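Peer 1: Sequence first, predicted model second:
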Amino acid sequence: MKSWWKVVLAAVVAIVVVGGYVYIRPIWNKLSPTLPPAQPVKEARWLNQNWRSADRYWYHHASQGTSTLPIPYKWFISLAEPRLSLWGQPPLLARDAYLTGFGFIPSPPSGGGLSANGKGGQWTDPRYGYAQPVDGGEYANYGKALDDANPDGLPVGFAITRNVTNPTTGTPLPDQLGFTCAACHTGHLEYKGVSLRIDGANAGLNLGTFTDALGGALLLTDLLPWRFNDFAGRVLGPNASDADKKVLHEQLSAVLKTLKDAAGAVASVSKNDIQEGFNRLDALNRIGNTVFYQNLANAPGFNAVSNYAALNAPVKFPHIWDVPWVDWAQYDGSILQPVIRNAGEAMGVNALMNLTTANDPGRLWSSNVAVDTISAMEHLLAGPYPLTPAGDNKVTGFNGLMSPKWPEDVLGPIDAAKRDKGRALYAQYCQGCHLPPMDAPDQAIYAPTLWTTPNEHGESYLKAVLIDQSEVGTDPAEEQVLLQRQVTVPAYLGVQAGNPGWQPGTLCFTDPSEPQTKLGFGPALAYSVQMVVKKYLDDQGVTQDKNTRDALKGNRPNCIQARPVYKARPLNGIWAVPPYLHNGSVPSLYALLGSDPAKDRPKSFCLGNRAYDPGKVGLDVNDCPGGTFTLDTTLAGNSNRGHEFRNGTVGQNGVIGPALSEDDKLALIEFLKSQ
C-alpha cells in the first residue's frame, strides 16, 4: 500500500491535471517553491582580495569530506526540477538558472581548456567573473587536479567527495556531494547589471527552501514513472536493465522514507523553528542536531531524539576575512582553535562520522572529515603571520584573504571630505569596540596591547572585543545557545566536559577530565570534534610531533567559552556584507545608524533580492518580488533592536552612542565605504 505522502502527491498530480490548482497550492509551494526572479546580470566581477584565480577556484570546490546532500553526486546532477510538466520533461535541477534562485553563485565547469596554460573556454564567460584562465601552476600549490574539480559546473561551495567509505560500516559509497565553507561564506551583490562577487563575505542562500526543492524533486521522481525513467537513464546509462532500475527505485524510495521518518521524529520540536530565509542560518543548532541527533540516531540502546533542538537562533552568514588572526571566533566569541571551528562546520554539514560502534571502540570517531584540506583552507585565508617584522621594521599586516575595496567605477566615487570627517567620528564613537581602522597610517591596530602574549609557537592574535549582550542590546537568542543547550551522549563515547580555563565560562581540553553522559552542548561538541580530528590524524599516519600537529590545528589549544556576549570585530569591508547585526535584521548601514531605531529600522523587509543600494550602503528593499523572504523583526530571534545611536545612557537599553545628525551619519557611512 502506498504511504501517505505518495497518496497526497498522487492527489496533487490529479488535481493539477484537471485544473484545480488553487486547492493544492499550499502543498505544492512546499514541493516547488517560488524563487525570486533572476537579476539582470550583464557582467560578473570577482573583487581583488589578494587571491589568485587558482586560489579562489580551489577554495570554492575542494572537498572537506562532506556528504551534505542525502543522495549521491550522480543522483543530484540527474534530477529534474520539482515542477510538473504536461508536455516534455522539466529541465535539470542542477542548472545555474535554477540554483541561483536559492542564492548560489555560478561557477565554471572544470576541464575543457581549463588545465594549465589553457586558453579560456568557459572561464571567459562574463557570467563567471574570471578575467583570465586559471594558471594550473598556482592551483598545483594545493595538490589538486584542476581538470576534475567541478566537472558539471555546480555553484560555488559545491564539492565532490570521492573514494568515500562509510566510517560506521566500512562499506564503499558512490561519490558524494557536499558543501564547503565557501558555500556559506562567499557573497554576491548586484548593481546596474554588475554582479560583485566577494570571497569570504556572507552568502545570500536560502538553504531551507533549497532543501524543500530537493525533497520535491526526489518525491516526484519516485512517484512519476516517466520522470523516474529519465532519471534512471541519466544515472545508470541508456542501456540499464530493468533489474538495475528496480534496485535504483528501491534505493530512492528508501532515502525518502528515511527523510520522512526523521522529520516525523522531531516534528513536535521543529514546529518551534524560526524561519531562516535568505542570508541566514541557525548554524549552531543545526550542527548540534547533525552531530548529536542524526549521528547518534542508530546508537545501540540510546534515544537521540531528546538532543534535537528547534532552529530558533538564526544568524547572518558571517564574513571571514581576518578571522584566522583573531583569538576568539564566532558571533558569541566561543571558539579558540581554528580546526575545531572548521572541522565542526564540516561535521555540521554532514561529513560522515562513526559514533555508534560501541562494540568496536577502536573505530569510534572515524570520519570523512578532510582535516588536511581544512587546514590548507585556513592557511589560505590567514596568509603569513601579520606581525613578522619587515625590512622597514614595521609589521607586514594581514596578507591572506583581504577585505574587499569599494569599487568606485561600479558603485560611485567616495567623497574624500565626508570620508575624512567620518574617520574622526569613527575614532570617537566606534573605535573603542571595533578597534582602529586597518588602513590607519599609524598602524594602531597592531599595537601590542591589542594582541595576545606570544604563545609557545611565537604567535600573537588580535584580541576579540566581547561586549555583554545587556550592553549592546541586540537579540539574545544566539548567545544563549551555548549557555542553555544540553545534550545526552552514550557512556561508551567517554565524552569529557573539559577543565576550567583562565576566566569564568572558559573550558579547555588540553588535559583529561571526567567523562559525562549529560553536559552542555558546547563542551560536548568541542570534545567530539577534537576526537574526530585526532582519529583522522592518527589514521592518516600524521606524525605525533606536537609542533606539526599544533600547526595543523592553528597553533592554539582547544578551548571554548560560553558567555552572554557578542563580538565586535574590525569593520573593514563592512560595506559588502549586508544585512546588518548578527541576525541580519537591519538592511543597511543607513538604517542601522538612524537616531530613532523604532522608526529608522524597518519592522519587516525582504531578503533574497540581491540588489544593492550604494546610497544607504545595504540591500535595496524597495522592490520585493515574489519568492523573496520577509523578515519579521517582531519575532523572537529576529529582533532589530540594540547597537543604537540615540540619546540615552550608553551601555543601557542598547544605547552605544548619542544620536547622530544626518550629516554625521552620512560622513560615518562614507568612511565605512572606504574601509
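Peer 2: Received, thanks.

Peer 1: hang on, Phe158 packs against Gln176?
Peer 2: No: look at Phe158 against Gln176 with CB atoms under 8 Å: they stay out of range, at 11.1 Å. Placement of C-beta: from N, CA and C, glycine included.

Peer 1: And Val472, how far from Val326?
Peer 2: 18 Å (CB to CB, to the nearest Å).

Peer 1: And for Tyr57?
Peer 2: 26 Å.

Peer 1: These two: which is more packed in?
Peer 2: Tyr57 (26 against 18; other CB atoms under 10 Å).

Peer 1: nearest residue to Asn289 other than its sequence neighbours?
Peer 2: Tyr308 (5.5 Å; CB to CB, 6 or more residues apart in numbering).

Peer 1: what's the answer for Lys74, then?
Peer 2: Val235 (5.4 Å).

Peer 1: is it true that Pro324 touches Glu378?
Peer 2: Yes: contact criterion CB under 8 Å: Pro324 and Glu378 qualify, at 5.9 Å.

Peer 1: list residues touching both of those two?
Peer 2: The contact sets of Pro324 and Glu378 overlap at 338, 554 (CB atoms under 8 Å, 6 or more residues apart in numbering).

Peer 1: what sits up against the lengthiest helix in the chain?
Peer 2: Scanning the chain for the longest helix, with DSSP state H as the assignment, gives helix 242-265. By CB under 8 Å, 6+ apart, the surrounding residues in contact with helix 242-265 are 3, 5, 70-71, 75, 215, 218-219, 221-222, 228-229, 232, 235-236, 240, 270, 294, 297, 305, 308.

Peer 1: Separate out the buried members of those.
Peer 2: 70-71, 75, 215, 218-219, 221-222, 228, 232, 235-236, 294, 297, 308 (16 or more other CB atoms under 10 Å).

Peer 1: In helices, which of those fall?
Peer 2: Using DSSP H, these in helices are 75, 215, 218-219, 221-222, 228, 232, 235-236.

Peer 1: Trp418: what secondary structure?
Peer 2: To be clear, residue 418 is Lys; Trp isn't right here. Lys418 falls in the helix class when you classify it by DSSP: H, G, I helix; E, B strand; the rest coil.

Peer 1: residue contacts, it?
Peer 2: So Lys418 contacts 666-667, 670-671 (CB under 8 Å, 6+ apart).

Peer 1: go with 10 Å
Peer 2: Applying CB atoms under 10 Å, 6 or more residues apart in numbering, we find Lys418 in contact with 663, 666-671, 673-674.

Peer 1: try Glu81
Peer 2: Glu81 makes contact with 32, 89-95, 97-98, 213, 216-217, 220 under the criterion CB under 10 Å, 6+ apart.

Peer 1: The residues you listed: which two are farthest apart?
Peer 2: Spatially, the most separated pair among the contacts of Glu81 is Ala97 and Leu220, at 18.9 Å (CB to CB).

Peer 1: ok, the two, which is more surrounded?
Peer 2: When Ala97 and Leu220 are compared for neighbours, Leu220 comes out ahead with 24 against 11, by other CB under 10 Å.

Peer 1: if I read this right, that one contacts Leu84, doesn't it?
Peer 2: Yes: using CB atoms under 10 Å, Leu220 is in contact with Leu84, at 7.4 Å.

Peer 1: Can you pull the residues that touch both of Phe158 and Gln176?
Peer 2: Both Phe158 and Gln176 are in contact with 63, 68-69, 73, 76, where contact means CB under 10 Å, 6+ apart.

Peer 1: Just the residues you listed: which are in strands?
Peer 2: The strands, defined by DSSP state E, take in nothing from the shared contacts of Phe158 and Gln176.

Peer 1: Pull the most distant pair out of those.
Peer 2: Pairwise distances across the shared contacts of Phe158 and Gln176 (CB to CB) peak at 14.4 Å, for the pair Ser63 and Phe76.

Peer 1: C-alpha coordinates for the longest helix of the chain, PDB please?
Peer 2: Presented in PDB, the C-alpha positions along helix 242-265 are these (Å, rounded to 0.1, in the frame of the first residue of the first chain):
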ATOM      1  CA  ASP A 242      15.000  -3.400 -15.700                       C
ATOM      2  CA  ALA A 243      16.600  -5.100 -12.700                       C
ATOM      3  CA  ASP A 244      19.100  -2.300 -12.200                       C
ATOM      4  CA  LYS A 245      16.300   0.300 -12.500                       C
ATOM      5  CA  LYS A 246      14.300  -1.600  -9.900                       C
ATOM      6  CA  VAL A 247      17.200  -1.500  -7.500                       C
ATOM      7  CA  LEU A 248      17.700   2.200  -8.100                       C
ATOM      8  CA  HIS A 249      14.000   2.800  -7.400                       C
ATOM      9  CA  GLU A 250      14.100   0.900  -4.200                       C
ATOM     10  CA  GLN A 251      17.100   3.000  -3.100                       C
ATOM     11  CA  LEU A 252      15.300   6.200  -3.900                       C
ATOM     12  CA  SER A 253      12.200   5.100  -2.000                       C
ATOM     13  CA  ALA A 254      14.400   4.200   1.000                       C
ATOM     14  CA  VAL A 255      16.000   7.600   1.000                       C
ATOM     15  CA  LEU A 256      12.600   9.300   1.000                       C
ATOM     16  CA  LYS A 257      11.400   7.000   3.800                       C
ATOM     17  CA  THR A 258      14.500   7.800   5.900                       C
ATOM     18  CA  LEU A 259      13.900  11.600   5.400                       C
ATOM     19  CA  LYS A 260      10.200  11.200   6.200                       C
ATOM     20  CA  ASP A 261      10.800   9.200   9.400                       C
ATOM     21  CA  ALA A 262      13.500  11.700  10.600                       C
ATOM     22  CA  ALA A 263      11.200  14.600  10.000                       C
ATOM     23  CA  GLY A 264       8.400  12.900  11.800                       C
ATOM     24  CA  ALA A 265      10.500  12.000  14.800                       C
END
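
Peer 1: buried stuff in that helix?
Peer 2: For helix 242-265, a neighbour-count test (16+ other CB under 10 Å) marks 245, 248-249, 252, 255-256, 259, 265 as buried.

Peer 1: Over to stretch 497-514?
Peer 2: The neighbour-count check on stretch 497-514 (16+ other CB under 10 Å) flags 497-499, 501, 505-509, 513 as buried.

Peer 1: any idea how far Cys508 is from Pro106?
Peer 2: 43 Å.

Peer 1: Could you do Leu93 as well?
Peer 2: In this view, Leu93 and Cys508 are 45 Å apart by CB to CB.

Peer 1: Next one, pLDDT for the closest residue to Cys508 other than its chain neighbours please.
Peer 2: Setting aside the residues directly before and after it, Cys508 is nearest to Cys559 in space (CB to CB, 6+ apart), at 4.1 Å. With respect to pLDDT, Cys559 scores 98.

Peer 1: Cys559 reaches Thr510, doesn't it?
Peer 2: Yes: Cys559 lies in contact with Thr510 (CB under 10 Å); the separation is 7.9 Å.

Peer 1: so what sits against both of these two?
Peer 2: Shared contacts of Cys559 and Thr510, defined by CB under 10 Å, 6+ apart, comprise 498-499, 501.

Peer 1: Out of these, which one has the lowest pLDDT?
Peer 2: Gly501 (94).

Peer 1: I figured that residue was touching Ile560, is that so?
Peer 2: Yes: shown here, Gly501 and Ile560 form a contact pair, counting by CB under 10 Å, at 8.6 Å.
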